[in-house]
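*Asks:* turn this into a model:
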Amino acid sequence: MPHDIATAHVRFSGRLLILGFGSIGQGVLPLLLRHIDMPKENVSILTADTRGNKVAGELGVPEEILPLTPENYREVLTARLSAGDFLLNLSVEVSSVALIQLCRELGVLYLDTCVEPWAGGYTDLSLSPSQRSNYALRESALALQTDATAPTAVVAHGANPGLVSHFVKQALLNLAADTGHTITAPPADRAGWGKLAQNLGVKVIHIAERDTQVANIPKQRGEFVNTWSIDGFVGEGCQPAELGWGTHEKSLPPDGMKHEFGCDAAIYLNRPGASTRVRTWTPLEGPFHGFLITHNEAISIADYFTLTENGAATYRPTVHYAYHPCDDAVLSVHELAGKNWEMQERQRLMEDEITSGIDELGVLLMGHAKGAYWYGSQLSIEQARALAPYNNATSLQVTAAVLAGVIWAMENPRRGVVEADGIDHARILEITTPYLGTMTGAYSEWTPLLKRGELFAEDVDADCPWQFKNFRVV
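*Replies:* Numbers count the residues shown, from 1 in each chain. Here you go, the predicted structure:
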């Protein structure tokens, strides 16, 4: 059973350095102080700007303004970290791979929410779309999996990527129970999980999210508004759209490209994710169009559940994000695209001005005997504010997952580089569930072919609803 929100889950005697103190850093700090038994004086913040000054001051944690660069990061961090400490990387435009390598040298634990490049890496025109993809960034991090007993480095463990990987495993167990598949215990390894997904007939997994939070201050012209990191959202939105590519798919999209290196579990589209839309479904919203924004979990989940025989994939689900951010963020993306992806002069994170709404974040498993099954969190702004300070509904789903990943790393300090998919999902959900509002599982008869072709003729594959061409909005 989940613990309540007053439980200290682990004792930690080292120093904890938070790198980056934007919305997620500010939201996770009170959770860390609440749930980790450690001297408060051992916690410090290193960040590139002053956005978090107020929160750091109110919580009594020292904050230092010092941007990290390829030239200074080793000197700066070596002076502040040593064996047994923890680097919680919540920054943008700082290389995750560089930090993981340094932490391994120093004997320091590590967690990030996204595999980041150095500044400019997402849009570096000297790199091909494949080379500046999340696929490539993930491969660079996995290349460090050379020692399974090295200090633990948890990569890409926020809400998504991160928490949703644990949702997938729980959704599979729920689906198995509801369809009469007898399981004496959860699978013990990735092959077991892949076999379970294959036996259940899961062909497609969406990370289906609808954010309905609204504010009493409308978006203005020349302003980008969002409920979480604007830099992070725009950065990934300008990367190529990426998706794990399932074995049931009949053909590549016209603009689809395979990578010439790595695990071969994913493809990319030769266009930005923020200009690519797909059909999806959540219980409260019903059908909607979401952005196919690139995320690490689209690749890691597809890779984790892949089954192979004689070196060839025999089973893999298609996996991708399908995201409808808050309405003001949708307007912001529309304006951004119209300016040829040049960022607006002003950015505003919605905080106290949010008046209502929820973030409905879950995984939609499709193609099995019961059609479609969504499992995830329905968290309102009112619930989020009651549960934790400095959070809205979107940020709390992220910060709760960051907290759980930090605790897991402290409990398992010698596991090397590990993704969410390789972590005990039950332990993560035990820690996060008290912060996730209503946890819901819902079946649906929805498919991407629902009412298609009634107003206008459309090119669809009526024989297999679960083909990617049916989900894509063209």
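*Asks:* list the contacts of the helix or strand of the chain with the lowest mean pLDDT.
*Replies:* Using mean pLDDT, DSSP states H and E, helix 230-237 stands out as the lowest-scoring helix or strand of the chain, at a mean of 91. Contacts to helix 230-237, defined as C-beta atoms under 8 Å, 6 or more residues apart in numbering, come from residues 22, 92-93, 114, 122, 134, 224, 226, 272-274, 291, 293-295, 325, 329, 333, 336, 343, 347, 349. From N, CA and C alone the C-beta is placed, and that goes for glycine too.
*Asks:* how about 7 Å then?
*Replies:* For helix 230-237, the external contacting residues (C-beta atoms under 7 Å, 6 or more residues apart in numbering) are 92, 114, 122, 224, 226, 272-274, 293-295, 333, 336, 343, 347, 349.
*Asks:* can you list the buried residues in stretch 460-472?
*Replies:* For stretch 460-472, burial by neighbour count (16 or more other C-beta atoms under 10 Å) applies to 465-472.
*Asks:* any idea which of those is closest to residue 376?
*Replies:* Checking those against residue 376 with C-beta to C-beta, the nearest one is residue 471 at 18.4 Å.
*Asks:* ok, the buried residues of stretch 460-472 vs residue 358, which is closest?
*Replies:* For the buried residues of stretch 460-472, the nearest to residue 358 is residue 471 (23.7 Å; C-beta to C-beta).
*Asks:* who's in contact with the closest one?
*Replies:* Residue 471 sits next to 278-279, 448 when contact means C-beta under 7 Å, 6+ apart.
*Asks:* just residue 45 next, same as before
*Replies:* Here residue 45 is in contact with 18, 21, 52, 56, 61-64 (criterion: C-beta under 7 Å, 6+ apart).
*Asks:* one more: residue 138?
*Replies:* The contact partners of residue 138, by C-beta under 7 Å, 6+ apart, come to 115, 296, 299-300.
*Asks:* pipe these into JSON lines and attach distance to residue 216 and pLDDT per row.
*Replies:* Below are the contacts of residue 138 laid out as JSON lines (distance: C-beta to C-beta, whole Å; pLDDT from 0 to 100):
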{"residue": "115", "distance to residue 216": "36", "pLDDT": "96"}
{"residue": "296", "distance to residue 216": "34", "pLDDT": "97"}
{"residue": "299", "distance to residue 216": "39", "pLDDT": "98"}
{"residue": "300", "distance to residue 216": "38", "pLDDT": "98"}
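*Asks:* would you turn those residues into a markdown table with secondary structure and neighbour count?
*Replies:* Putting the contacts of residue 138 into a markdown table (DSSP: H, G, I helix; E, B strand; the rest coil; neighbours: other C-beta atoms under 10 Å) gives the following:
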| residue | secondary structure | neighbour count |
| --- | --- | --- |
| 115 | coil | 22 |
| 296 | helix | 28 |
| 299 | helix | 32 |
| 300 | helix | 27 |
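*Asks:* just among the contacts of helix 230-237, which is most surrounded?
*Replies:* Counting neighbours by other C-beta atoms under 10 Å, residue 294 leads the contacts of helix 230-237 with 30 neighbours.
*Asks:* could you look up the SS state of that residue?
*Replies:* coil (DSSP: H, G, I helix; E, B strand; the rest coil).
*Asks:* how about the one 4 residues further on?
*Replies:* Per three-state DSSP, the secondary structure class of residue 298 is helix.
*Asks:* returning to that earlier point: please narrow the contacts of residue 45 to those residing in strands.
*Replies:* Assigned to strands by DSSP state E, the following of the contacts of residue 45 qualify: 18, 63-64.
*Asks:* show me the chain divided up by domain.
*Replies:* 10-155, 163-392+435-473 (automatic domain parsing).
*Asks:* and the longest one, how far apart are its ends?
*Replies:* With C-alpha to C-alpha, to the nearest Å as the measure, domain 163-392+435-473 spans 27 Å from end to end.
*Asks:* how far away from the center of its chain is that domain?
*Replies:* Taking C-alpha atoms, centre = their mean, to the nearest Å, one finds the center of domain 163-392+435-473 at 10 Å from the center of the full chain.
*Asks:* who touches residue 86 in this structure?
*Replies:* By C-beta under 7 Å, 6+ apart, residue 86 lies in contact with 14, 16, 108-109.
*Asks:* rerun at 8 Å
*Replies:* Residue 86 neighbours (C-beta under 8 Å, 6+ apart): 12, 14-17, 108-111, 406, 409-410.
*Asks:* report the buried members of those.
*Replies:* 12, 14-17, 108-111, 406, 409-410.
*Asks:* longest single helix anywhere in the protein?
*Replies:* Using DSSP state H, we find that the single longest helix of the chain is helix 393-411.
*Asks:* buried set for that helix?
*Replies:* By 16+ other C-beta under 10 Å, the buried positions in helix 393-411 come out as 393-410.
*Asks:* residue 365 and residue 373 touch, don't they?
*Replies:* Yes. The pair residue 365 and residue 373 qualifies as a contact (C-beta atoms under 8 Å) at a distance of 4.9 Å.
*Asks:* now the common contact residues for those two.
*Replies:* The contact sets of residue 365 and residue 373 overlap at 171, 175 (C-beta under 8 Å, 6+ apart).
*Asks:* packing partners for the helix or strand harbouring residue 382?
*Replies:* Taking DSSP states H and E as the definition, residue 382 sits inside helix 381-387. Where contact means 3 or more C-beta pairs under 8 Å, 6 or more residues apart in numbering; DSSP states H and E, helix 381-387 is packed against strand 354-356, helix 393-411.
*Asks:* try 6 Å
*Replies:* If contacts are counted by 3 or more C-beta pairs under 6 Å, 6 or more residues apart in numbering; DSSP states H and E, helix 381-387 sits against helix 393-411.
*Asks:* can you give me the mean pLDDT across the helix it packs on?
*Replies:* Mean per-residue pLDDT for helix 393-411: 98.
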